[in-house]
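Peer 1: requesting a structural model of the entry that follows:
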Amino acid sequence: MSGTPHPPNDPQGAGRIRRPSRRAVLTALAATAATAAPMITAAPADASERRAGDSELLYIGTWGQNQVHAVRFDPRRGTMTPLGSVAQVSSNWVAAHPTRPVLYVAGGEQGGHIRYFQIDDSSGALQQLGEIETQIVPTGSGGLSHIGLTSDADTLLVADFAAGSAATLPIGADGSLSAVASRVQDSGSGPSPRQLGAHPHHVVVDPSGTYALVADFGADRVFVYDYDRATHTMSADPNDGPGFYATAPGSGPRRLAFHPHEQLVYLLNELTADLQVLRWDRRTGTLSVRQVLSTNAPGHTGTTSAAELQISHDGRHVYTSNRGDNALVVFSVAPRDGLLTEVQRIACGGVTPWSMSLHPSGRWLFVANEASGTVNLFRVDGTSGRLTDTGTSVAVPYPDSITFRTPPRARRSARS
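Peer 2: Residues are numbered from 1 along each chain as shown. Below you'll find the model as predicted:
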């Protein structure tokens, strides 16, 4: 790929992935248009406002643009109405509280800042409530790569790519954040020039709430730390350090997802673009490999870069995005052993699918195509798991992450 370098504040080392030229972007979009419906926009704003009580909000982070964008989404009609920029802050990643009108935004500037905002459900507007600095010694390149909530939404899990650390912050009953409760420092390196030190990319807590797993891009490890739900803290054995699962050198672990019913973990590696099925032993906190599959297309050449991993709520399908191929790859999950079979490979609707998010209903998939500046909507077949490009998209500058806010009235409407 050719073009200009990535924007500043690049803790994930993505500056090594060159932004495509205008010609490359237009060529990719033309190829997508040949197999998808024409791009359409959502309903006019006035129609969206009349349905606001039954609709939802999408909040979208923007890489290097110091903006958070909002979109009104109607899940029944599959329409999106852009609301524009609603906050002028660095937004490496965004995450919404599942029940409270609170949005958390991870910044890329020095200090590892996390800001949290009150959401106005009627307008989508944000009002900042507070700000936490998570780094002990501010790094020179910023660097929060991911934030997420525990299943009971009482702790915010933070991956600090630049500092090589992971942290936890307690969440109050009202959605407010407290100061950092724990911080762990990864160690290690890999053979890639982007792996000169530890670079945590994702943190998850296992279903039992006993362990915290950290996918470390730089160390080629999935570190396993003890986790205390009562104190919201991660810790390592003072004598032996954390346990870990080692990937092949140069893999670059990026994303983790626990199967909702089986003792399995799915691991997506960025640099090798492979997807691993790992057996999880909750008694010992150990991982062992069961299966390894490539997400690259047959005959793939050029940049190799996998990015995002999602699993359906029923555990029957796994979704990955591949930035090197500008593609989404769908896998079915075998009911007896959780092993994967590829069932579909489809163009992502744009260029550089940085992240994607499954809608809580399971009917929709949103893709943040960072280089082409669009968020694209795909319909999900509930039986086969296959995707259909709806042709609907909204323009957002360099989108990097997507999260959902479903107001109480919309939740009641969806259940009725």
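
Peer 1: show me the shaky parts of the stretch 51-200 of the chain.
Peer 2: Filtered on pLDDT under 70, the stretch 51-200 of the chain yields the residue ranges 51-53, 140-142.

Peer 1: recalculate using a threshold of 50.
Peer 2: Scanning the stretch 51-200 of the chain for pLDDT under 50 picks out 51.

Peer 1: can you map out the strands along it?
Peer 2: 56-62, 68-74, 79-87, 93-96, 102-106, 113-119, 126-133, 144-149, 155-160, 165-170, 182-185, 200-205 (DSSP state E, counting those that start in this stretch).

Peer 1: note down every partner strand of the fifth one and its orientation.
Peer 2: If you go by DSSP bridges, strand 102-106 pairs up with strand 93-96 (antiparallel), strand 113-119 (antiparallel).

Peer 1: so which of those strands comes closest to Arg282?
Peer 2: Closest approach to Arg282 among these (C-beta to C-beta): strand 93-96, 25.2 Å. Heads up, the C-betas are built off the backbone N, CA and C, glycines and all.

Peer 1: how far off centre is that closest one?
Peer 2: 9 Å (C-alpha atoms, centre = their mean, to the nearest Å).

Peer 1: give me the contact list for that strand.
Peer 2: For strand 93-96, contacts defined as C-beta atoms under 8 Å, 6 or more residues apart in numbering pick out 59-61, 68, 102-106, 119, 144-149, 156, 400-405.

Peer 1: rewinding a little: okay, the strands of the stretch 51-200 of the chain in CSV with distance to Ser192 and mean neighbour count next?
Peer 2: Below are the strands of the stretch 51-200 of the chain laid out as CSV (distance: least, C-beta to C-beta, whole Å; neighbours: other C-beta atoms under 10 Å):
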stretch, distance to Ser192, mean neighbour count
strand 56-62, 25, 26
strand 68-74, 31, 24
strand 79-87, 34, 20
strand 93-96, 22, 23
strand 102-106, 24, 26
strand 113-119, 28, 22
strand 126-133, 30, 15
strand 144-149, 16, 24
strand 155-160, 18, 28
strand 165-170, 20, 24
strand 182-185, 21, 18
strand 200-205, 14, 26
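
Peer 1: let me know which of those is the nearest to Ser312.
Peer 2: Of all the strands of the stretch 51-200 of the chain, strand 200-205 comes closest under C-beta to C-beta, at 16.6 Å.

Peer 1: show me what the closest one is packed up against.
Peer 2: strand 144-149, strand 155-160, strand 165-170, strand 211-216, strand 253-258 (3 or more C-beta pairs under 8 Å, 6 or more residues apart in numbering; DSSP states H and E).

Peer 1: can I get these in JSON lines with distance to Gln110?
Peer 2: Shown next, in JSON lines, are these (distance: least, C-beta to C-beta, whole Å):
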{"stretch": "strand 144-149", "distance to Gln110": "11"}
{"stretch": "strand 155-160", "distance to Gln110": "12"}
{"stretch": "strand 165-170", "distance to Gln110": "14"}
{"stretch": "strand 211-216", "distance to Gln110": "21"}
{"stretch": "strand 253-258", "distance to Gln110": "23"}
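
Peer 1: so which of those strands gets nearest Val137?
Peer 2: Within those, the stretch nearest Val137 is strand 165-170; the backing value is 10.4 Å (C-beta to C-beta).
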